[in-house]
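[1] For reference, the sequence and a predicted model appear below.
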Amino acid sequence: MKETFLTFLLSGYFKTLKTEVQLNKGARLPSTQNPGIYMFWHGRMLILPFAFKNKGNLVKVLISRHRDGEKIARIIHKLGFGTVRGSTGVRKGGDKAFRELIKAVRNGYSIAITPDGPKGPREKLKPGVAKLAMLLGIPVFPVSFSTNMGKKFSSWDSFLVPYPFSRCKIVIDKPLIPKETEDLKSFSNRLELSLKNLTQQIDGEMGWKT
């Protein structure tokens, strides 16, 4: 019941935002023919359902099994997305979740992941997203957003919440794929740098001061 009410509030809040979604060169929205991995920092995930409007049924969101995960999963479902519970690590359901992610991609779903979640460190990419992309041979799309007016909370992830009626911009960046001679660490580092650069770029465009 609480999740239903919260989803109702979120839907109303989303409608107040003036949101632009930009696809950079080579970027694409999820499709069953060309699934991909969409990664975004934990602190920049609040309004990202805008980026996948009318595409939620093609996306599985990885949600951890920590104590708040069940509530988040229910809200995600009500917003029209599928979920996979666990992580891409070896503990807390990681092995099972990783297998479920592989199965989802092979069934045509794209994957949405916060590679620094659920507890950080902030904007430090865990290698699971790179491992998944290398194993399946699918691209990784960095995704981020910023706003001209909002509140950044003093949580571990510096969670950003745009004020109602503010302007927001979401960018899905060009796809990243591993090079032939690239190892897991190198690809992970490249993914992390790309997502950091994208977030800084959008902050600059929107005039957001961190």
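    That came through fine.
[2] For the host helix or strand of V161, give the mean pLDDT please.
    According to DSSP states H and E, V161 maps onto strand 160-162. The average pLDDT within strand 160-162 is 97.
[3] Give me the residues contacting the helix or strand following it.
    Downstream of strand 160-162, the next assigned helix or strand under DSSP H and E is strand 167-172. By CB atoms under 8 Å, 6 or more residues apart in numbering, the surrounding residues in contact with strand 167-172 are 17-24, 27-29, 38, 47-48, 50-51, 141-149, 162, 198, 201-202, 205-206. C-beta here means a position set from N, CA and C on the backbone, and glycine is covered the same way.
[4] List only those of the residues you listed flagged as buried.
    17, 19, 21, 27, 29, 38, 47-48, 51, 141-147, 162, 198, 202, 206 (16 or more other CB atoms under 10 Å).
[5] if we can go back for a sec, in strands, which of the contacts of strand 167-172 fall?
    Among the contacts of strand 167-172, the residues falling in strands (DSSP state E) are 18-23, 38, 141-147, 162.
[6] Phi, psi for the residue nearest in space to the middle of the chain please.
    Central residue of the chain (CA atoms, centre = their mean): F40, 3.7 Å from the mean position. Main-chain torsions, F40, degrees, to the nearest 10: phi -150, psi 150.
[7] Then L136?
    The phi and psi torsions at L136 (degrees, to the nearest 10) take the values phi -90, psi -10.
[8] wait, it sits on N107?
    No. Contact criterion CB atoms under 8 Å: L136 and N107 do not qualify, at 11.9 Å.
[9] if you count what's nearby, which of these two comes out ahead?
    Higher neighbour count among L136 and N107: L136, with 16 against 10, using other CB atoms under 10 Å.
[10] Now that one: closest residue in space that isn't a chain neighbour?
    Among residues not flanking L136 along the chain, V105 sits closest, at 5.4 Å (CB to CB, 6 or more residues apart in numbering).
[11] thinking again about what came up before, can you tell me how far the residue nearest to the centre of the chain sits from N148?
    Distance of F40 to N148, computed by CB to CB, to the nearest Å: 19 Å.
[12] Tell me where the model's unsure across this structure.
    Within the chain, the ranges that satisfy pLDDT under 70 run 1-3, 66-69, 87-94, 210.
[13] Grab the longest helix from it for me.
    In the chain, taking DSSP state H as the definition, the longest helix is helix 184-206.
[14] Pull the residues that contact stretch 22-35.
    With CB under 8 Å, 6+ apart as the test, stretch 22-35 has contacts from 36, 38, 51-52, 55, 58-59, 105, 108-111, 138, 141, 169-175.
[15] since we're on A112, how many residues are nearby?
    29.
[16] quick one on the thing from earlier: got a list of what the residue nearest to L136 touches?
    Taking CB under 8 Å, 6+ apart as the criterion, V105 is in contact with P35, I111, L132, L136, I138.
[17] Helices of this structure, start to end?
    Going by DSSP H, the chain shows helices at 2-16, 69-78, 94-106, 128-136, 184-206.
[18] okay, those in a markdown table with distance to G117 next?
    Converted to a markdown table, the helices of the chain look like this (distance: least, CB to CB, whole Å):
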| stretch | distance to G117 |
| --- | --- |
| helix 2-16 | 19 |
| helix 69-78 | 10 |
| helix 94-106 | 13 |
| helix 128-136 | 11 |
| helix 184-206 | 13 |
